[in-house]
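Novice: sequence first, then the predicted structure:
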Amino acid sequence: MKSRQKLGILTIFFSLPAWGAAGDHTAKITRFFGKAQILSQPSDKKAGQPPHALFEGKYYHVEPARLGSEIQLGSIIQTSDKTMVRLVYPNGDQIMVSPSSSYKVSLETKDGKDKPISELIYGKFRAVISKDGPRSKSEVRTRTMVMGIRGTDFHVAAFSDQGGSVVSVLRGAVAVTPQVAKSGEQPQTIEVKTGFSASVPPQNTVPMKVAATDKLDLRAIQDSVNFQKNQPNEAAPDPETQKTIALLEATAVASTKKDIQTGDPDLYKRIEAAEAAGKAIDNLEVLQAVTLEKALVRAPEPSAEKIEALEKAGVLKKPAAPPRKPSSQELDELEGGIYDKYFKR
């Protein structure tokens, strides 16, 4: 097995010193579809029962992933290009990783303090991180940027060896610093706030760019982490595991609502009003969707230059007729209709 297969493999790596607070940094799979496997028990030589896999110089025991599987520190979870995974931590922090991605998590200790470090080697993920949880001071790294996380809802994309990386803030703020290409340079750190994205190209060939996240960007985020329109979960686990998953999901719902209350009071008031009217908002899909769909209503249209560049690159097909400005009704008819369902006045 190749250590970094770039097509069809999602890799999530967790590592901590043996003395670390393992419980705070150990997630469980609460939702996924597709095929996944867990690589555990890293060793310099093959040990224990086969099958084994070789990854970055270490041998691992391989077993199929299941709903409720615990991702032990030092383990790897791999999924195919048609697989999506949601990991939930004990405090309710969530990581939703897209297909064909490679995501690595470790822990650094400096001045007696632990700092979780997430490295997105390539691919995409969305995270909802509590402001007062164990990952509130974490960092996310790609080949071209370092992001200081203070508790927020954000999406990161990293594109191959030659590609750059982009972080889009859906709620809260992220401090973004370009990775320095030349020694001696002093990079500038910029705080990226709700509704904006920061992009850094490969090798920092041009300065970091910060711009409003447009509708095209947001729809791409919708598509990259979407449990609703894809395959269903695998078969239900045993009753005890179902209880554990339900508890973690409930904790994640409460944590997300708390973050919305602080970061988007208007949306939180609408959630309260909807629940008072008998529309229960008690699952993560709804909370994550309404955040994106509210952003879609307010986001600007992509520029003509951006559309032209994407058409030239073959990412977008050129329309047969000149584009027209969508009506307000069309803007309300967003994917899934969740925002309209719960909050239409």
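Specialist: Okay, I see it. Residues are numbered from 1 along each chain as shown.

Novice: ok, residue 222 touching residue 292?
Specialist: Yes: with contact defined as C-beta atoms under 8 Å, residue 222 and residue 292 form a contacting pair (5.6 Å). For the C-beta atoms, the positions are set from N, CA and C on the backbone; glycine is no exception.

Novice: list the contacts for the closest residue to residue 75 other than its chain neighbours?
Specialist: Nearest non-adjacent residue to residue 75, counting by C-beta to C-beta, 6 or more residues apart in numbering: residue 40, 4.3 Å away. Residue 40 is in contact with 60-61, 63, 72, 74-76, counting by C-beta atoms under 8 Å, 6 or more residues apart in numbering.

Novice: same thing with residue 251?
Specialist: Contacts of residue 251 by C-beta under 8 Å, 6+ apart are 88, 90-92.

Novice: show me the shaky parts of the stretch 51-200 of the chain.
Specialist: The stretch 51-200 of the chain contains residues with pLDDT under 70 at 160-162, 181-184.

Novice: all helices of the stretch 201-345 of the chain, in order?
Specialist: Along the stretch 201-345 of the chain, the segments classed as helices by DSSP state H, counting those that start in this stretch run 215-224, 239-263, 265-276, 284-298, 304-312, 328-332, 338-343.

Novice: how about those, which one is nearest residue 186?
Specialist: Nearest to residue 186 among the helices of the stretch 201-345 of the chain is helix 215-224 (29.2 Å), distances taken as C-beta to C-beta.

Novice: and the closest one with helix 284-298, angle?
Specialist: Helix 215-224 and helix 284-298 are oriented at 170 degrees to each other (axes from the mean of the first three to the mean of the last three C-alpha atoms, to 10 degrees).

Novice: most centrally placed residue in this structure?
Specialist: In the chain, the C-alpha nearest the mean C-alpha coordinate belongs to residue 126, at 1.7 Å (C-alpha atoms, centre = their mean).

Novice: tilt between the helix or strand hosting it and helix 215-224?
Specialist: Using DSSP states H and E, the element containing residue 126 is strand 113-128. With the same axes, to 10 degrees applied, the angle from strand 113-128 to helix 215-224 works out at 100 degrees.

Novice: by contact count, what packs against the following helix or strand past strand 113-128?
Specialist: Heading C-terminal from strand 113-128, the first helix or strand you meet, by DSSP H and E, is strand 139-141. Packing partners of strand 139-141 (3 or more C-beta pairs under 8 Å, 6 or more residues apart in numbering; DSSP states H and E): strand 113-128, strand 145-149.

Novice: hey, what's residue 210 bridged with?
Specialist: Legend: beta-bridge partners of residue 210 under DSSP bridges are residue 198.

Novice: run a quick neighbour tally on it.
Specialist: 15 (other C-beta atoms under 10 Å).

Novice: could you shift the numbering so residue one becomes 432, and keep it that way?
Specialist: Done: numbering now begins at 432, and the last item shifts to residue 641.

Novice: so how far is residue 674 from it?
Specialist: From residue 641 across to residue 674, the span is 44 Å (C-beta to C-beta, to the nearest Å).

Novice: since that was my last question, I'll sign off now.
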